[in-house]
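Enquirer: next come a sequence and a model predicted from it.
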Amino acid sequence: MRSMTTFQSNKWIDFSIGVAMTAVIAIVAKYMVQLPLLNIMGQLVVAIVIGMALRAWGLIPSAASSGIAFSSKRLLRLGIVLLGMRLNMHDILQAGPKVFALAAIHIVFTIIVVYGLSKWMGISRNLGLLTACGTAICGAAAVVAISPQLKASQNETAISAATVAILGTIFSIAYTALYPLLHLSAAGYGIFTGATLHEIAHAIAAAAPGGQIAVDMSVMVKMTRVAMLVPVAIAIGIWNTRRAGGNEKTNVKSFPVPWFIVGFLATSGINTLGIIPSAITELLITGAYMLLAMAMAGLGLGVDFVLFRTLGKKPFIAGLIGSILLAGLGLLLIHLFHLA
């Protein structure tokens, strides 16, 4: 009996060590993003990079695996739920039908292009689709939200998230350099960054040269894209369920919508109604990113670095081509919709 109690105690200690490791990485990442250049990458990206580096250096105790897995899976879903507090449906509606149409066109176009390129290049279905959704919607957050729908592996999720993050950082820097040459108004430039960049951090950082108007418009358009994460995730889940079932028809009504997607919608509704004071809302959003950063750290700690170097090249090329085409389409539509 005593040995059993000791065994359970040891398991709990090992579990706690794993969770604590991801928490420490998330906190370190939060402070690191205050440094130049790293602030463009964002907390989620830095957390996964730190995790991958620690794994590559062999600094992960094997006993911590259960706690790391808990962070990368359970805390991930809770973080997605709380992230809904960042969405205000009123702001999205006020953006107007043109902005909504712009975001929708970009998402559909990018998913088709990047996933199509991935299939052509022989990239696995999950890896290609995760990279496509991350590029199209909201970077790492979209990757980790859609990953459970595809039952993707930790390596697939981490590789896609890191690929999209690196691309977003490159394009953020490029946009900042190109801003004087684009001849867009502050509002037009903000719409452009929000409609075509990957992470929220990328959009805000790239919009900064245009001033506060550009940043506000960038966030509004970016949030419109984030809002589309829910229908895209559900659609992909239905598609994946039907595909797994072969030729049998799947009843859409019986499709099990993941609880974290429902939670995301619920918290978005709560924020829209203004039920919770803004100070508490900000704390919840901060908590959401901390949980997501812990999840990303967990993913990074679980990545096989050799496999990453082997599998990561083709998704990067597919995402790069898709990002270039997305930027070109964004500029074209902004002028066609008279938003420049």
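Expert: Yes, it's here.

Enquirer: okay, buried residues for the host helix or strand of Thr176 please.
Expert: Element membership of Thr176 [criterion: DSSP states H and E] is helix 154-182. Of the residues in helix 154-182, those buried under the neighbour-count criterion (16 or more other C-beta atoms under 10 Å) are 154-169, 171-172, 175-176, 179. The way it works is simple: take the backbone N, C-alpha and C, and place the C-beta from them, glycine included.

Enquirer: likewise stretch 199-216?
Expert: 199-210, 214-216.

Enquirer: where does the prediction get shaky in the chain?
Expert: 1-9, 40-42, 91-92, 94-95, 201, 244-261, 303-309, 311 (pLDDT under 70).

Enquirer: chain center to stretch 232-244: distance?
Expert: Using C-alpha atoms, centre = their mean, to the nearest Å, the distance from the centre of stretch 232-244 to the centre of the chain it belongs to is 19 Å.

Enquirer: got it, and stretch 56-65?
Expert: Its chain's average C-alpha position is 25 Å from that of stretch 56-65, according to C-alpha atoms, centre = their mean.

Enquirer: which residues sit against it?
Expert: Stretch 56-65 is contacted by residues 14, 17-18, 21, 54, 68, 301, 305 when judged by C-beta atoms under 8 Å, 6 or more residues apart in numbering.

Enquirer: list buried residues within those.
Expert: 14, 17-18, 21, 54, 68, 301.

Enquirer: please identify which of those residues is nearest to Leu127.
Expert: Leu301 (19.4 Å; C-beta to C-beta).

Enquirer: which residue sits closest to Ala293, ignoring its sequence neighbours?
Expert: Ala26 (3.6 Å; C-beta to C-beta, 6 or more residues apart in numbering).

Enquirer: which secondary structure element contains the one you found?
Expert: Per DSSP H and E: helix 2-32 holds Ala26.

Enquirer: now swap in Gly300 and tell me
Expert: Going by DSSP H and E, Gly300 is in helix 278-301.

Enquirer: what packs against that helix?
Expert: helix 2-32, helix 43-56, helix 65-70, helix 76-83, helix 140-150, helix 154-182 (3 or more C-beta pairs under 8 Å, 6 or more residues apart in numbering; DSSP states H and E).

Enquirer: 10 Å instead?
Expert: helix 2-32, helix 43-56, helix 65-70, helix 76-83, helix 140-150, helix 154-182, helix 259-273 (3 or more C-beta pairs under 10 Å, 6 or more residues apart in numbering; DSSP states H and E).
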